[in-house]
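Trainee: need a structure here:
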Amino acid sequence: MLPPAQRPADVLRALAPGTRVVVRYRIAGGFTDALGELTAVDHSEAVIATRRGPAKIPLAGIVAAKEVPPPPPTRRPRV
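Mentor: Sure thing, here's the model as predicted:
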């Protein structure tokens, strides 16, 4: 078991809203990831604003979480 300071839920609680994060969490049949801005964390779930919309993730199902750098700038289309 991880020490309290390294638990993914504690990592998310320590970050400010608006921080870009990636979170790996359990789903039926395996795991999936959510990448986006952390919008809220409470005692039971974290909310991540992803490109597909908000993802409400139960803290009990999170297995990894970390801050990530901002996305690279968009490239101009080739002519």
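Trainee: can we go C-alpha only for contacts and neighbour counts from here?
Mentor: Will do.
Trainee: phi, psi of Arg51?
Mentor: Backbone geometry at Arg51, expressed as degrees, to the nearest 10, gives phi -60, psi -30.
Trainee: how far away is Gly18 from Val41?
Mentor: Distance, Gly18 to Val41, using C-alpha to C-alpha, to the nearest Å: 11 Å.
Trainee: These two - which one has more neighbours?
Mentor: Of the pair Gly18 and Val41, Val41 is the one with more neighbours under other C-alpha atoms under 10 Å, namely 22 against 13.
Trainee: Now do the contacts for the more buried one.
Mentor: Residues near Val41 by C-alpha atoms under 8 Å, 6 or more residues apart in numbering: 12-13, 47.
Trainee: Apply 7 Å and report the result again.
Mentor: Residues near Val41 by C-alpha atoms under 7 Å, 6 or more residues apart in numbering: 13, 47.
Trainee: Likewise for Leu38?
Mentor: 17-21, 47-49.
Trainee: Just the buried subset of those residues, written out for ChimeraX, thanks.
Mentor: Applied in ChimeraX, the following selects the buried portion of those according to 16 or more other C-alpha atoms under 10 Å:
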select :19,20,21,47,48,49
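Trainee: Which strands border the longest strand seen in the chain, and is each parallel or antiparallel?
Mentor: The longest strand of the chain (DSSP state E) is strand 30-41. Strand 30-41 pairs in its sheet with strand 20-27 (antiparallel), strand 45-50 (antiparallel), by DSSP bridges.
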